[in-house]
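J.: take this sequence and fold it.
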Amino acid sequence: MNEGIQLGLKKNWKQFTILVIINAFVGGMVGLERTILPSIAEIEFGIAAKTSILSFIVVFGITKAAANFLMGKMANRFGRKQLLIIGWIFGLPVPLILMFAPSWSWIVFSNILLGINQGLTWSSTVIMKIDLVGEKDRGLAMGINEFAGYLAVGIVAFLTGWIASEWGLRPFPFYFGVVIAILGLVGSLFLVKDTHSHYTSEANQSEKPLLKKLFWQTSILHHNLGSVTQAGLVNNLNDGMIWGMLPLFLVIKDYSLAQIGLVVGLYPVVWGIGQLFTGKLGDHYCKKDLLFWGMFLQAVALTGLLFFNVLSLTIVASALLGLGTALVYPNFLSAIADSVHPHQRAESIGIFRMWRDLGYAIGAILTGVIADFFGMENAFWVIISLTLASSIVIKIRMVCEIEDRKRISINIFWSR
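T.: So this is what the prediction gives:
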């Protein structure tokens, strides 16, 4: 083991805390768009077709997926910190473009930059935290990481909706973004330290075999890696629909902009806070069970959002969707890390995150086309069906990677 290098959350708490704060800034950048961008498309630019409105999510998903893949390939070679800094440089112009864009094409362009920003910065902070903590606290670390990111998404989504209802859609809601981007870049430059020595220290002690054809193993062939990857794609597929379609769907149900901000913002807040607990559960319980129940709860919650017309029930469905997503999100990442050698960790996580974030693009295109031709309700039904099917794949195909983990014994279908 490298001299002076120690793994663990307590031993590296200062660097870990800095990375948590940086990741909150990363999440805040996405929160800028969660509530009001579809309304900007309709009100300011007169765009009616759902496929056109959701174009910003399509380019965001494709660009972020590509950035995730490249991050995984380059992390060991160039260092995590350098890629984190580059990601923030791409993020700096985004809020300014959102404030002053003269046409929808500029909004779409800003989401190309945002996709690069998110792919490089979020992946960097994820991998660096895993490097620092080692195997014992991996689930808790991912829970804290995703908590910070998605709590920030939810808070900023709520605040931008409230500000827009008081002072208009632009430019005031996007002032947050300017501050966030500057703080994220400055913190990454001067406070973050690279974790290369930590991951090499763990790699030297690891007895896991190196996987051949890592791209295909992570994508589909490996029973656990492939199961996690398909679930990640479906998770972001339904999140892409919620991002682009739910605000418009709630307008049809006569909710106010402030109420829409509450419903849309609550989901990532519950998602974020819940991960403080669900990530730690992954250190004690079989991740297969947590992932199955998370995807199953998402399908139930999406059904509620489709049918409920009372604000209180819609809020409950939004919270349930956040809980389901909280069960899966940190455990996706720690399950990938459990299944691969440390030398292949960054690349495998990058491949997983590539497929996961392609779900944004696939979900936006799929739901946009279905909504334009068959109505938004049918788009919801398709996503609900895919989410339920994903939970069944996990139930059938995954196994418990770490044998002494506890099981969640409530039996739907069967356990193994």
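J.: which strands and helices lie in contact with the strand or helix carrying Gly272?
T.: Using DSSP states H and E, Gly272 falls within helix 257-281. Helices and strands touching helix 257-281, by 3 or more CB pairs under 8 Å, 6 or more residues apart in numbering; DSSP states H and E, are helix 13-34, helix 138-167, helix 223-252, helix 287-307, helix 311-339. Glycine gets a C-beta too; all of them are placed from N, C-alpha and C.
J.: what residues sit buried inside stretch 33-45?
T.: Glu33, Arg34, Thr35, Ile36, Leu37, Pro38, Ser39, Ile40, Ala41 (16 or more other CB atoms under 10 Å).
J.: quick one: contacts for the closest residue to Arg34 other than its chain neighbours?
T.: The shortest distance from Arg34 to any residue other than its chain neighbours is 3.7 Å, reached at Ala157 (CB to CB, 6 or more residues apart in numbering). Neighbour list for Ala157: Gly31, Arg34, Thr35, Gly261, Val264, Gly265, Pro268 [criterion: CB atoms under 8 Å, 6 or more residues apart in numbering].
J.: does the first one touch Gly154 like I think?
T.: Yes. Using CB atoms under 8 Å, Gly31 makes contact with Gly154 at a distance of 6.8 Å.
J.: touching both of the two, which residues are there?
T.: Common contact partners of Gly31 and Gly154 (CB under 8 Å, 6+ apart): Pro268.
J.: so how far is stretch 51-63 from its chain's centroid?
T.: Here stretch 51-63 is found 16 Å from its chain centre; the criterion is CA atoms, centre = their mean, to the nearest Å.
J.: return the distance of Ile180 relative to Leu266.
T.: Distance, Ile180 to Leu266, using CB to CB, to the nearest Å: 21 Å.
J.: one step back: need the contacts of Ala157 in a markdown table (columns: distance to Leu311).
T.: A markdown table is the format used below for the contacts of Ala157 (distance: CB to CB, whole Å):
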| residue | distance to Leu311 |
| --- | --- |
| Gly31 | 21 |
| Arg34 | 18 |
| Thr35 | 16 |
| Gly261 | 12 |
| Val264 | 13 |
| Gly265 | 14 |
| Pro268 | 18 |
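J.: identify the farthest-apart pair in those.
T.: Farthest pair in the contacts of Ala157 (CB to CB) is Gly261 and Pro268. Separation: 11.8 Å.
J.: more crowded one of those two?
T.: Pro268 (31 against 25; other CB atoms under 10 Å).
J.: if we can go back for a sec, which among the contacts of Ala157 gets closest to Ile85?
T.: Closest to Ile85, out of all of these and judged by CB to CB, is Gly31, at 21.6 Å.
J.: which residue packs closest to the closest one, ignoring adjacent ones?
T.: Val156 (2.9 Å).
J.: assign Gly61 to helix, strand or coil.
T.: Counting by DSSP: H, G, I helix; E, B strand; the rest coil, the backbone at Gly61 sits in helix.
J.: could you do Gln6 as well?
T.: On the basis of three-state DSSP, Gln6 is classed as coil.
J.: and it, how far from Asn204?
T.: Counting by CB to CB, the gap from Gln6 to Asn204 is 14 Å.
J.: then Ile242?
T.: Here Ile242 is placed at a distance of 43 Å from Asn204 (CB to CB).
J.: those two: which has the busier surroundings?
T.: A count of neighbours by other CB under 10 Å puts Ile242 above the other of Ile242 and Asn204, at 26 against 11.
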